[in-house]
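S.K.: turn this into a structure:
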Amino acid sequence: MNKSLLLITASFVVFALSGCGGGGGGNVLSGYAVDELADKAVANEEAYMGKEVVVSGYASWPSPNINSNGYSLKLDFDRHSPIERMVSCIVPQGKAPEGIDSKWVTVKGKIANIHSQNYMDLKSIELEPCELVK
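M.R.: Next up, the predicted model:
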């Protein structure tokens, strides 16, 4: 293979890969587990605040919203770990799907709040609004 064809091929691969994954500068950062997103967002709030993300974890505490036109949801990565990492959000419309508690789910939403407490090793992300990804 000649050098110019190799250079063109390498340039194309770099260009194609730059638009993929969680850090490509796109509008939606995707493919995170709860613990990974919490750790990265706390470490670099400026880069994550206001970004739309896709994140997966174990659903817990599905409860009706105050105005009964939606529900709140909390996602954990590992409920048996003493390390606290969580994502919470409000799905603005509908009811929580039956049997969602303790199931692995994926949600999409915009990061509205990033919180950490060193003494509890707590890192949490709040998405507003969010939706279940099917």
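S.K.: so what's the residue most central in space within the chain up against?
M.R.: The chain has residue 55 as the residue nearest its centroid, 3.0 Å off, counting by CA atoms, centre = their mean. Applying CB atoms under 8 Å, 6 or more residues apart in numbering, we find residue 55 in contact with 32, 33, 34, 37, 75, 87, 106, 107, 108, 125, 127. From N, CA and C alone the C-beta is placed, and that goes for glycine too.
S.K.: just to be sure, the last one is in a helix?
M.R.: No: if the criterion is DSSP: H, G, I helix; E, B strand; the rest coil, then residue 127 is strand and not within a helix.
S.K.: all numbers from here: first residue = 38
M.R.: I'll keep to 38 as the first residue from here, and by that count the last item is residue 164.
S.K.: so, low pLDDT: which residues of the protein?
M.R.: Filtered on pLDDT under 70, the chain yields the residue ranges 38-64, 102-105, 119.
S.K.: which residues are contacting the helix or strand hosting residue 79?
M.R.: In this assignment (DSSP states H and E), residue 79 forms part of helix 71-80. With contact meaning CB under 8 Å, 6+ apart, helix 71-80 is reached by 69, 85-86, 90, 92-94, 112-115, 120, 122-124, 148, 151, 153, 160-162.
S.K.: show me the residues you listed that map onto strands.
M.R.: 69, 90, 92-94, 112-113, 122-124, 148, 151, 153, 160-162 (DSSP state E).
S.K.: rewinding a little: which parts of the helix holding residue 79 are buried?
M.R.: In terms of neighbour count (16 or more other CB atoms under 10 Å), helix 71-80 has its buried residues at 71, 72, 74, 75, 76, 77, 78, 79.
S.K.: partners of residue 161 in the sheet?
M.R.: With DSSP bridges as the criterion, residue 161 is bridged to residue 123, residue 152.
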